[in-house]
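Chemist: Give me a model of this one.
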Amino acid sequence: DYVRALDGYQKLDANFSNIDSKLSQDAKSWVKDTENVLAESIYRQAVAAMSKAEEKSPRPPLLKGEDKVSKEQRKKYAQDALALFKQIKEKYPNSIYVDNATVSMGTAHEILEQWDEAIASYEIITKRYPKTPPTKEIETLIAYAQERIKTIQAYLWQKKKFEWSPVSTFVFRLSTATQD
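Modeler: Coordinates of the predicted model:
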């Protein structure tokens, strides 16, 4: 099975890295290949959960007032996806899915309205490749992450500004006065 193979390749690399560089290089390659195989099914599950979390209108409402996908359902799917993406990063850090999982964790945090965590996730990918991204796909992920960081920071700034503005104080007083 792949889990035992991964363990064996990791031990091989650890035990022979100073003795036989060719064997160590092969073992590293086998570790990466095996991690990719093991991470793939988890990644597919995470992507499926994220698709549901990002889904706003899977079908027209059947009944008047029926919510298409409730906010609570979306958050549950985002939590499920987040747990799976974290599992990939922790168990299979050498897999090809780690960068996509990192950026997707940012998106999941956004759905959960965990703004600081979203920014932190996006910053991981922007800091991982400080110079030239190795592929066009990574370059695209970095651009997306940078744009999301700016968007979240602007949202938080606006939110903070509105919370303390004279207009918000007036709106609050007006709303509490009409409730009496």
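Chemist: Could you count how many residues lie near Ile96?
Modeler: 15 (other Cβ atoms under 10 Å). Bear in mind the C-beta positions are built from the backbone N, C-alpha and C, glycine included.
Chemist: The closest residue to it other than its chain neighbours and Ile125: what is the separation?
Modeler: Leaving aside its chain neighbours, Ile96 sits nearest to Asn36 (5.4 Å; criterion: Cβ to Cβ, 6 or more residues apart in numbering). Asn36 sits 19 Å away from Ile125, going by Cβ to Cβ, to the nearest Å.
Chemist: ok, now Ser70?
Modeler: For Ser70, the distance to Ile125 - Cβ to Cβ - is 30 Å.
Chemist: Repeat that for Asp26.
Modeler: Taking Cβ to Cβ as the measure, Asp26 falls 29 Å from Ile125.
Chemist: These two - which one has more neighbours?
Modeler: Ile125 (23 against 15).
Chemist: need the contact list for the more buried one.
Modeler: 99, 102-103, 138, 141-142, 145 (Cβ atoms under 8 Å, 6 or more residues apart in numbering).
Chemist: and Lys91, how many residues sit next to it?
Modeler: 14.
Chemist: now the strands for this structure?
Modeler: Using DSSP state E, the chain contains no strands.
Chemist: What confidence value was assigned to the residue most central in space within it?
Modeler: Nearest to the mean C-alpha position of the chain, by Cα atoms, centre = their mean, lies Met105 at 1.2 Å. pLDDT, Met105: 96.
Chemist: what's the answer for the one 4 residues further on, then?
Modeler: At His109, the pLDDT value in this model is 95.
Chemist: Now for the nearest residue to it once chain neighbours are set aside: which residues touch it?
Modeler: Of all residues not flanking His109 in the chain, Ala118 sits nearest, at 3.7 Å (Cβ to Cβ, 6+ apart). Taking Cβ under 8 Å, 6+ apart as the criterion, Ala118 is in contact with 106-107, 109-110, 148, 152.
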